[in-house]
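Undergrad: My questions concern the predicted model and sequence given below.
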Amino acid sequence: MSEEKISLDSASQSSVDGTDPWYRKEDWLAVIIGITVLSAAFVCGWVSIDFAGGQSAASHPWKSWVGKPGGWSDNPVDSILRGMDWSSCWNVMIGPFLVGLVGFGLARQLQGESLGKFALAFPVIFMLAAIAYVMAGQETVKSFNLEYALWALALGLLVSNTIGVPQWLRPAVLTELYIKTGLVILGAEVLWHRLVALGIPGVAVAWIVTPIVLITTFWFGTKVLKLPSRSLAMVIAADMSVCGVSAAIATAASCRAKKEELSFAIAISLMFTVVMMVVMPMLITQIGLDPIVGGAWIGGTIDSTGAVVAAGSSMGAIAEQTAATVKMIQNILIGVTAFGVAIYWVLFVERDQQSGVKPDAREIWRRFPKFVLGFVLASIAFTQLSQWIPDGESLVTLTVKGATKGMRGWFFCMAFVSIGLDSNFASLKRQAHGGKPLLLYVCGQTLNLILTLAMAYLMFGVVFADYIKEVLAP
Amino acid sequence: MTCRLRSHSSGACRLVFGCAALLFVWLVILPRIGRIEPVSEMIKHHRELGIDPSIMFYTEIEHLEYRDGILRHKASLVDSIGHAGVD
């Protein structure tokens, strides 16, 4: 149980080395699987629109085959049965299971591993991911934003710290491949034109404050608190300033953070999110802040998208719309963050750690995490498709909501199960570094709260107040 | 050999204990917490509006849709619930 990094170079479970052809390397395999899933989903959506006579089809043809178990309050069987409809509950798991089995199985075979051994182990990983989804579907858990990532990690840890991971299960413990494939698919949800959804005020809150907080928190963590791991400081900074778990996953993969660092950063973030989603609406109401300014403040500061919507909704529809839209704009920032961090790491951090000599273009290309290119390519392609082709916005939304978001959710969930299986409590405990990561989060979030409030008040409450009221009018 | 068997059986015991603890928390503790008034009100509010606070990315928001550049309440939902704070 080593502290593996989310990078190809240290992926001990892979038999691939640096001399292998590109198509055997994990990053490129993730790009191929991700782009294949996105292309297939898009074409199926397009065909369904054509069949509907040029009108937007009600749902994507994959929708009944790709999903997650439902919610429940007292009886977890409700999550699976969904009102005694056996077929719909199992059907939604069939799509991700088959795509995972075939896609990742072929990838392993290309890497020279046994397809049979993978096929034997994969259903167990998938089953653990399904249990994590059922746990996350419990209404109390769901209402406090305790996402599936946490439970997937807990289940993996439970197995690895009790009976250990049996050797036959190892071929399907593929954290890097699941995460990178999920991220390429997530790229289709990063639609650039949505950046300007709220005009200048939205850009100011999400795109001026966020980078300032991200960079300052990283600097504070590495230079002032002197955290021994720069990647941990970066994952905490991105997780806290951008958009929670999804940003943490993307940044961790871009800066080759240790799996335990990703787990640790997510645990801190979820812990504070639970508190913030309850306290912030109460505070905003108490001080009598305008719901639009309050919504923008919530959208720019609470890490998780779901918690932002929940907190915003408790202050009314206008606050909810403002909060959700600011968060959406921040979500788009995930693409720039992943790309920027990957470049920064290759150019500066890894150079410092190794020879100290500036790498040439060839070396930069060799070190660059190639899955980031797949992520950016998917983002640009889907943005263009939504703008250029007739009814593109509806088609892209149909594809994402009906097919791809469910698929990447399962891949991330399996990644967290794998992280848990590959970790132990001692290695997680080591990430605490005497409480410094926690202190970093608190200091960074304090700065985030102050700057975002100032910017939200200035932009949404003073300079563009009338414009925003007009935009948000029902 | 005996030592390995013993360690395996103690691992299995720990796993069974861990699973039992998880089942107890999820089947007994969490449903009870969900029935405490402020929590049950929050759950009811989320259920009525179709909000899933555990989502990870904006594309998973189901009760709002991207219209006129803004994530707006689906018209039917606003009509049926008459959401407070719209006006």
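TA: Looks like it arrived, so ask away.
Undergrad: separation between A:Phe220 and chain B?
TA: 26 Å (CB to the nearest CB, to the nearest Å). In this view, the C-beta of every residue, glycine as well, is placed from N, C-alpha and C.
Undergrad: confidence score at that residue?
TA: A:Phe220 carries a pLDDT value of 96.
Undergrad: for A:Asp391, same thing?
TA: You'll see A:Asp391 listed with a pLDDT of 83.
Undergrad: The residue of chain A found nearest chain B - how many residues pack around it?
TA: Nearest to chain B in chain A, going by CB to the nearest CB, is A:Gly316, at a distance of 2.0 Å. When neighbours are counted by other CB atoms under 10 Å in any protein chain shown, A:Gly316 registers 19.
Undergrad: Over to A:Pro228?
TA: Number of residues near A:Pro228 (other CB under 10 Å) recorded here: 10.
Undergrad: Report the contact partners of the residue nearest to it when sequence neighbours are not counted.
TA: The shortest distance from A:Pro228 to any non-neighbouring residue, by CB to CB, 6 or more residues apart in numbering or on different chains, is to A:His433 (6.4 Å). Taking CB atoms under 8 Å, 6 or more residues apart in numbering or on different chains, we find A:His433 in contact with A:Leu227, A:Pro228, A:Ser229, A:Leu232.
Undergrad: Farthest pair within those?
TA: A:Pro228 and A:Leu232 (8.1 Å; CB to CB).
Undergrad: Now do the end-to-end distance for stretch A:283-298.
TA: 11 Å (CA to CA, to the nearest Å).
Undergrad: For it, buried residues please.
TA: A:Ile284, A:Leu289, A:Asp290, A:Pro291, A:Ile292, A:Val293, A:Gly294, A:Gly295, A:Ala296, A:Trp297, A:Ile298 (16 or more other CB atoms under 10 Å in any protein chain shown).
Undergrad: Give me the pLDDT value at the last one.
TA: pLDDT recorded at A:Ile298 is 96.
Undergrad: Run through the residues that contact it.
TA: A:Met280, A:Pro281, A:Ile284, A:Val308, A:Ala311, A:Gly312, A:Met315, A:Ala319, A:Ala323, A:Val326.
Undergrad: mind running it again at 7 Å?
TA: A:Met280, A:Val308, A:Ala311, A:Gly312, A:Ala323 (CB atoms under 7 Å, 6 or more residues apart in numbering or on different chains).
Undergrad: Find the helix or strand that it is a member of.
TA: Following DSSP states H and E, one finds A:Ile298 within helix A:291-301.
Undergrad: could you give the angle of the helix or strand that that helix is followed by to helix A:291-301?
TA: Where DSSP H and E defines the elements, the next helix or strand beyond helix A:291-301 is helix A:305-313. Angle of helix A:305-313 versus helix A:291-301, following axes from the mean of the first three to the mean of the last three CA atoms, to 10 degrees, is 160 degrees.
Undergrad: Contacts made by helix A:305-313 with the rest, please.
TA: Residues outside helix A:305-313 that contact it (CB under 7 Å, 6+ apart) are A:145, A:243, A:273, A:277, A:280-281, A:295, A:298-299, A:302, A:319-320, A:322-324, A:327, A:331, B:46, B:49, B:51-58, B:61.
Undergrad: among the contacts of A:Ile298, who's most crowded?
TA: Among these, A:Val308 has the most neighbours (other CB under 10 Å), with 36 neighbours.
Undergrad: I'd assumed A:Pro291 was in contact with the residue of chain A closest to chain B.
TA: Yes. Applying CB atoms under 7 Å, one finds A:Gly316 in contact with A:Pro291, separated by 5.5 Å.
Undergrad: Buried residues, stretch A:436-444. List them.
TA: A:Lys436, A:Pro437, A:Leu438, A:Leu439, A:Leu440, A:Tyr441, A:Cys443, A:Gly444.
Undergrad: ok now it, how far from the chain's centre?
TA: 21 Å (CA atoms, centre = their mean, to the nearest Å).
Undergrad: Mind checking the pLDDT average for that stretch?
TA: Stretch A:436-444 carries an average pLDDT of 95.
Undergrad: Now distance to A:Pro69 too, for the contacts of A:Ile298, in JSON lines please.
TA: Below are the contacts of A:Ile298 laid out as JSON lines (distance: CB to CB, whole Å):
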{"residue": "A:Met280", "distance to A:Pro69": "30"}
{"residue": "A:Val308", "distance to A:Pro69": "24"}
{"residue": "A:Ala311", "distance to A:Pro69": "25"}
{"residue": "A:Gly312", "distance to A:Pro69": "26"}
{"residue": "A:Ala323", "distance to A:Pro69": "27"}
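Undergrad: Same list, these, but as JSON lines with pLDDT and distance to A:Ser64 please.
TA: Below are the contacts of A:Ile298 laid out as JSON lines (pLDDT from 0 to 100; distance: CB to CB, whole Å):
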{"residue": "A:Met280", "pLDDT": "96", "distance to A:Ser64": "37"}
{"residue": "A:Val308", "pLDDT": "96", "distance to A:Ser64": "29"}
{"residue": "A:Ala311", "pLDDT": "95", "distance to A:Ser64": "32"}
{"residue": "A:Gly312", "pLDDT": "95", "distance to A:Ser64": "31"}
{"residue": "A:Ala323", "pLDDT": "95", "distance to A:Ser64": "31"}
